[in-house]
Structures are given as C-alpha cells and as structure tokens.
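Chemist: Whatever this is, show me its structure:
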Amino acid sequence: MRKATDRYQLDPRQDALFLPSFCEIRLVFAVVVIAELLAFVLVLAGDARDPWSELGLTSLFLQWIALSSAAILCLARPLLARVSNSAAALTAYLLLLLTTALVSELGYRLGDLLQRGSSAEHAGFLFRNLAISVILSALVLRYLYVRHQWGQQMEAEAQARVQALQARIRPHFLFNSLNSIAALTRTDAQRAELAVQDLADLFRVSLCEASERVTLEQELEVAERYLRLESLRLGERLQVDWAIDRLPRKRLVPSLILQPLLENAVYHGIEPLPAGGRISVAGNAEGHRISICIRNPRGPAGAAEHRAGHQIALENIRLRLQLAFGAQAGVALREIADGFETTLYFPREKLR
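Modeler: Numbering: from 1, shown residues only. Presented below is the predicted three-dimensional model:
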C-alpha cells in the first residue's frame with residue numbers, strides 16, 4: 001500500500017538563515033533598483049554643476065558596490081548557513097563594509113588616473129563611503145532579520161493552526177466509520193478491509209507534520225479515501241462527480257488541503273438534506289495557475305446557524321497556501337444558485 005505522504009523539506013540550515021538568497025534574479029533586480037534610488041538621493045542632496053554627469057558616475061559607482069555585495073553574500077550563503085544568525089549577521093556586516101572599502105579604493109584609483117587628488121581627499125572619500133555603508137548595511141540587515149522573524153512566526157502560527165485542524169477530526173466520523181466497517185465485516189469482508197485501509201491512511205496523514213509536502217496525486221487519493229468512508233454511512237445520499245483529468249498529478253502541494261473542504265461539503269451540504277446531494281470536484285490547469293473547484297448543495301434554512309465554524313478550515317488552508325506559494329495562492333468561497341462553490345488556486349510552477 002502506497003504511503004499517503006512524501007517528505008519534501010528544504011535544508012533546515014538554509015531555511016533558518018535570515019538572509020535571503022541573493023543569487024535569485026528578483027533580489028538582484030531589487031538591489032539594482034535600490035542602488036539607483038540611492039544614487040538619485042545623493043545627487044539631489046548635493047549641488048553638482050552637471051547633475052546628469054554626476055548621476056551617471058554615482059550610479060556606476062553604487063551599482064559596483066551593490067552588485068559586488070550581492071555576489072559576495074550569494075557566494076557566502078552556504079557558509080553563513082552553518083553558523084547562528086547572530087554570527088551570520090556580524091559576518092555579513094563585515095563583508096559588506098569590506099566590499100565597500102575595496103570598491104571605493106578601486107574607484108578612487110581609477111579616478112586618480114584622470115585627476116590627481118590629495119591624500120586628504122582620498123581619506124575623506126573612503127571615510128564618507130564607509131560611513132554611508134555602516135548605516136545602510138545595518139538598516140538592511142536589521143530589516144531582513146525582522147522580516148525573517150516575522151515569517152518564522154507566521155509559519156509557526158500556520159503549523160499550529162493546521163495541527164489543531166488535523167487533531168479536530170470529528171469523533172462522530174471515527175465512530176460512524178468504525179460502525180460501518182463492523183457492519184461490513186458480516187456482509188462484505190473485502191469492502192470492509194478496504195475501508196480499514198482508507199481509515200488508517202487518513203489518520204496517518206492527519207498525524208503528519210504540518211510542513212509536509214505531497215504530490216497532488218497523493219492529495220487526491222486522500223480525498224477519495226475520505227469520501228469512500230463517508231459513502232459507507234451515507235450510501236446513495238452521497239454522490240460525487242470527479243473531473244480532475246487535467247490536473248498535473250506530480251505537483252507538490254501542502255498536505256490536507258482538499259479533505260477539510262470536502263468534509264465541510266459533506267457536513268454542511270449533504271448531511272442536512274434528507275435526500276442527500278451531489279458533490280462535484282473539478283480541476284483545471286490553465287497558463288501558470290492550477291485551480292480545484294468543489295461544489296456542494298445548500299443545506300436547509302437554519303442549518304448553517306448550528307453548524308457554524310467551517311470558516312476555520314478555509315482560513316487555515318488559505319494561510320498554508322500563501323506561505324507555500326505566496327500571494328498567488330488562496331481559497332475563494334462563493335454562493336451559487338443551488339449551493340456553494342469553494343475554489344483552491346495556486347501557481348503551476350514547482351516549489352523551489
């Protein structure tokens with residue numbers, strides 16, 4: 001029997017480092033933009049006779065320092081990941097100051113070939129650049145550290161929420177499943193054995209770490225196992241339509257993002273109806289986005305009042321998706337003519 005989950009975790013040392021990877025294109029672009037903005041500020045703060053020429057030279061000089069600093073931090077990241085964040089911050093700070101000093105010295109030597117300067121001008125040039133670097137490097141590193149701490153706190157909160165959600169498997173579901181299995185052992189032993197396997201796999205997933213990553217195929221298997229168990233109790237009252245052929249099955253996603261939504265669909269849409277109803281699960285992958293839409297019928301008037309609290313699962317899943325994929329992922333809930341529609345969406349690209 002296939003396991004319901006596969007581990008997919010980043011190197012914990014890399015993940016614990018507060019410095020982002022300056023090898024990424026988006027961060028290099030951000031460094032270039034910030035350096036250019038700083039060049040504008042420095043030129044505007046001065047009284048140069050030819051501001052455009054001064055802006056060009058200042059931009060060139062600052063881009064040297066900025067890109068050299070990004071390259072140094074990119075190369076030093078594996079080493080910085082082996083030490084504590086305090087040691088990494090101090091080492092990165094010294095590396096930034098050293099890079100500023102070396103580039104400033106090189107820039108002054110190149111300028112000295114065109115125009116002879118005094119030793120006082122040399123010292124003043126180096127001191128001014130190092131003073132700016134001392135302040136800016138400290139501010140940038142402090143910002144990155146606070147941002148990392150905030151991200152860690154948000155991730156811990158999300159894991160605590162999902163662990164609470166996983167531990168919240170309703171007792172009546174367990175008891176009803178066991179009763180159904182007990183009844184099947186006398187009439188259909190093969191189906192009872194399959195139900196025991198489904199129940200074991202479902203509980204195995206619920207006990208996994210909140211940071212687990214599984215393939216979309218495994219997540220769909222867990223959802224199918226859950227619905228098979230519910231069908232033992234509800235029988236013909238529960239009808240399910242699957243339209244998931246277009247989904248990329250090898251895509252890695254956070255575990256348990258479908259089962260809680262299907263549980264809501266059964267609990268709030270099927271159970272309150274004496275005749276039951278139909279749940280439809282449709283998946284689509286268009287462009288750079290994957291979406292999974294779950295539709296369920298509407299319960300009778302007043303049923304939602306004593307079945308409040310289903311928004312907890314939605315918020316937990318939304319938070320976990322956004323932590324895994326960023327702002328491009330989330331959960332949307334809307335009311336339709338004959339029921340409710342819940343849509344998961346996240347990027348199609350693989351996790352980093």
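Chemist: For residue 334, which residues are in contact?
Modeler: When the contact criterion is Cβ atoms under 8 Å, 6 or more residues apart in numbering, the partners of residue 334 are 340, 341, 343. (C-beta placed from N, C-alpha, C; glycine too.)
Chemist: Just give me the neighbour total for the last one.
Modeler: For residue 343, the number of neighbouring residues by other Cβ atoms under 10 Å comes to 17.
Chemist: dump the residue contacts of it.
Modeler: 291, 292, 293, 294, 331, 332, 333, 334.
Chemist: Check residue 328 too.
Modeler: By Cβ under 8 Å, 6+ apart, residue 328 lies in contact with 289, 345, 346, 347.
Chemist: what about 7 Å?
Modeler: For residue 328, the set of contacting residues under the criterion of Cβ atoms under 7 Å, 6 or more residues apart in numbering consists of 346, 347.
Chemist: what's the pLDDT at the nearest residue in space to residue 38 that is not next to it in sequence?
Modeler: Beyond its immediate neighbours in the sequence, the residue positioned closest to residue 38 (Cβ to Cβ, 6 or more residues apart in numbering) is residue 62, lying 5.9 Å away. What the model reports for residue 62 is a pLDDT of 91.
Chemist: Looking at the contacts of residue 343, spot the one nearest residue 95.
Modeler: Distances from residue 95 to those, taken as Cβ to Cβ, are shortest for residue 331 (42.0 Å).
Chemist: tell me which element the nearest residue to that closest one once chain neighbours are set aside is part of?
Modeler: The shortest distance from residue 331 to any non-neighbouring residue, by Cβ to Cβ, 6+ apart, is to residue 318 (4.5 Å). Under the criterion DSSP states H and E, the helix or strand holding residue 318 is helix 311-325.
Chemist: before we move on, what about residue 190?
Modeler: Assigned by DSSP H and E, residue 190 falls within helix 189-206.
Chemist: so what does that helix touch, helix or strand wise?
Modeler: Packed against helix 189-206, as judged by 3 or more Cβ pairs under 7 Å, 6 or more residues apart in numbering; DSSP states H and E, are the following elements: helix 171-187, helix 216-234.
Chemist: when you compare where it runs with where helix 216-234 runs, what's the angle?
Modeler: For helix 189-206 and helix 216-234, the angle between their directions (axes from the mean of the first three to the mean of the last three Cα atoms, to 10 degrees) works out to 130 degrees.
Chemist: what sits against the closest residue to residue 89 other than its chain neighbours?
Modeler: Beyond its immediate neighbours in the sequence, the residue positioned closest to residue 89 (Cβ to Cβ, 6+ apart) is residue 141, lying 5.6 Å away. Taking Cβ under 7 Å, 6+ apart, we find residue 141 in contact with 89, 92, 93.
Chemist: of these, closest to residue 184?
Modeler: residue 89 (60.7 Å).
Chemist: Moving C-terminal from the helix or strand harbouring that closest one, which element do we reach first?
Modeler: Secondary structure assignment for residue 89, by DSSP H and E: helix 85-114. Counting by DSSP H and E, the next helix or strand C-terminal to helix 85-114 is helix 119-166.
Chemist: Where does residue 300 sit: helix, strand or coil?
Modeler: Under the three-state scheme (DSSP: H, G, I helix; E, B strand; the rest coil), the conformation of residue 300 reads as coil.
Chemist: correct me, but it touches residue 272?
Modeler: Yes - contact status for residue 300 versus residue 272: in contact at 5.5 Å, counting by Cβ atoms under 7 Å.
Chemist: and the gap between the residue nearest to residue 331 and residue 202?
Modeler: Residue 318 is 22 Å from residue 202, where distance means Cβ to Cβ, to the nearest Å.
Chemist: Same check on residue 268?
Modeler: Between residue 268 and residue 202 the computed distance is 20 Å (Cβ to Cβ).
Chemist: tally of neighbours for residue 34?
Modeler: 14.
Chemist: I'd like to know which elements the helix or strand where it lies is packed against.
Modeler: In this structure, residue 34 sits in helix 25-45 according to DSSP H and E. In terms of contact count using 3+ Cβ pairs under 7 Å, 6+ apart, helix 25-45 is assigned the packing partners helix 51-80.
Chemist: Give me the below-cutoff pLDDT ranges for the stretch 251-352 of the chain.
Modeler: Under the criterion pLDDT under 70, the flagged ranges of the stretch 251-352 of the chain are 301-311, 350-352.
Chemist: OK, contacts around residue 22?
Modeler: With contacts taken as Cβ under 7 Å, 6+ apart, residue 22 has the following neighbours: 28, 70, 73, 74.
Chemist: and which of those residues is nearest residue 281?
Modeler: For these, with residue 281 as the reference and Cβ to Cβ as the criterion, the closest is residue 28, at 41.2 Å.
Chemist: I'd like to know how far residue 154 sits from residue 324.
Modeler: For residue 154, the distance to residue 324 equals 12 Å [Cβ to Cβ].
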